[in-house]
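# sequence? don't have it. structure:
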């Protein structure tokens, strides 16, 4: 197959809407999502970088880990630059292109989807198609933004939900996930997933640092800061195909989760759903404090709301994940890799 084989011939109109995405050189000791993914890849393996942009991951893996790296990239200019570092780069719109040619000729030990799936209309469908490109022991490494970040909740409580040029509410994001909901997406599409790392950004160093704190109850702030994923900016996930006969423990649905509430009122349901999706998890240690009154009151000066929600029954072990204080000059730790952004 020729090196510049084009899987999908994009229209002039689509090209006019694209921009050239660029990343700084990959720092192997960095705390950004791409560096964390790179550390998960075994030297000497064969890798497919989906949404490879200008090929910085391919450059690092080829030069430092002696991997063989191919890429898929929709932006023709970025793809041309990435070919300098990758074995092959195909120009393709992931949601419309046929991957038959790849399926017939190539198999990969790792497929990387770094900051890509949240930009797609149907990420599950794309994952199913990528499954056929894996070797029998192959894995997909994914970074996905966390909609359960404390900044998102505080912005909602302040009455706002504002899209931005980059970050968790990037204007080009079409899909949003918590830890639980993304693991559900994987399971629904034939994968078993686990969180292997994460990037973290404290509220004061995030794009939500200007939210007025005066309207938020100090009690609520303390509880939200203790949530397992309150400062998780992105999850780093390892996923591998799940055969139908595999005995894998299913992810419990929210209505089966260990969530308590005051039986005298039904007004707790929405708040319990928030706690169940963001604060509960099947990972980590077993520390627990039951029936902590979480939303009492939500806003300063408000009367007590009769809703008690238990804290998460588990939390991530410090030995598994380190929380990093992010300096202000790295406020935007998350940068999109997807090139589908309107020009200008």
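Nice, I can see it. None of the values given here were measured: they were computed from a predicted structure.
# rest of the way, CA atoms for contacts and neighbours
Will do.
# Residue 171: neighbouring residues, count only.
15 (other Cα atoms under 10 Å).
# Next, find the distance separating it from residue 117.
For residue 171, the distance to residue 117 equals 14 Å [Cα to Cα, to the nearest Å].
# likewise residue 177?
Residue 177 sits 10 Å away from residue 117, taking Cα to Cα as the criterion.
# Now do the helices in the protein.
For the chain, the helices identified by DSSP state H occupy 12-16, 33-38, 56-64, 76-82, 100-105, 123-131, 150-157, 179-188, 218-225, 269-274, in order along the chain.
# For the lengthiest strand in the chain, name the packing helices and strands.
With DSSP state E setting the assignment, residue counts place strand 134-145 as the longest strand in the chain. Secondary-structure packing of strand 134-145 (3 or more Cα pairs under 8 Å, 6 or more residues apart in numbering; DSSP states H and E): helix 33-38, strand 108-114, strand 232-241.
# how about residue 176, what does it touch?
Residues near residue 176 by Cα atoms under 8 Å, 6 or more residues apart in numbering: 118, 145-147.
# Local confidence estimate at it?
Residue-level confidence at residue 176 comes out at 96, pLDDT.
# low pLDDT regions in the stretch 1-150 of the chain?
When residues are selected by pLDDT under 70, those of the stretch 1-150 of the chain lie in 1-23.
# and residue 159, how many neighbours?
If we define neighbours as other Cα under 10 Å, then residue 159 has 9 of them.
# can you pull the pLDDT of it?
90.
# which residue packs closest to residue 117, ignoring adjacent ones?
In space, and not counting its chain neighbours, residue 117 is closest to residue 123: 5.4 Å by Cα to Cα, 6 or more residues apart in numbering.
# so can I have a markdown table of the helices of the chain showing distance to residue 233 and mean neighbour count?
As requested, the helices of the chain are arranged in a markdown table below (distance: least, Cα to Cα, whole Å; neighbours: other Cα atoms under 10 Å):
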| stretch | distance to residue 233 | mean neighbour count |
| --- | --- | --- |
| helix 12-16 | 30 | 11 |
| helix 33-38 | 10 | 22 |
| helix 56-64 | 20 | 21 |
| helix 76-82 | 26 | 21 |
| helix 100-105 | 33 | 12 |
| helix 123-131 | 19 | 18 |
| helix 150-157 | 9 | 19 |
| helix 179-188 | 11 | 18 |
| helix 218-225 | 14 | 16 |
| helix 269-274 | 17 | 15 |
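# now the ones you listed as TSV including distance to residue 165?
Converted to TSV, those look like this (distance: least, Cα to Cα, whole Å):
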stretch	distance to residue 165
helix 12-16	18
helix 33-38	18
helix 56-64	22
helix 76-82	20
helix 100-105	33
helix 123-131	21
helix 150-157	16
helix 179-188	23
helix 218-225	26
helix 269-274	26
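# ok, back up a step: any common contacting residues for residue 177 and residue 117?
Counting by Cα under 8 Å, 6+ apart, the shared contacts of residue 177 and residue 117 are residue 144.
# quick one, which of those two is more surrounded?
Each of residue 177 and residue 117 had its neighbours counted (other Cα under 10 Å), and the higher figure belongs to residue 117 (25 against 19).
# From residue 38, how far off is that one?
For residue 117 relative to residue 38 (Cα to Cα), the value is 18 Å.
# Can you measure across stretch 116-130, start residue to end residue?
13 Å.
# and for it, what are the contacting residues?
Outside stretch 116-130, the residues within contact range by Cα under 8 Å, 6+ apart are 50-51, 94-95, 99, 111, 143-145, 172-176, 185-186, 188-190, 336-338.
# please redo it, this time with the cut-off set to 6 Å
For stretch 116-130, contacts defined as Cα atoms under 6 Å, 6 or more residues apart in numbering pick out 173-175, 189, 338.
# Now for the residues you listed: which two are most distant?
The most widely separated members of the contacts of stretch 116-130 are 189 and 338, with 21.8 Å between them, by Cα to Cα.
# Which of the contacts of residue 176 sits closest to residue 213?
Closest to residue 213 out of those is residue 147 (19.6 Å), distances taken as Cα to Cα.
# The closest one and residue 173, how far apart?
Counting by Cα to Cα, the gap from residue 147 to residue 173 is 11 Å.
# can you check residue 37 too?
21 Å.
# again, but for residue 34
For residue 34, the distance to residue 173 (Cα to Cα) stands at 18 Å.
# thinking again about what came up before, how near is the residue nearest to residue 117 to residue 189?
According to Cα to Cα, residue 123 stands 10 Å off from residue 189.
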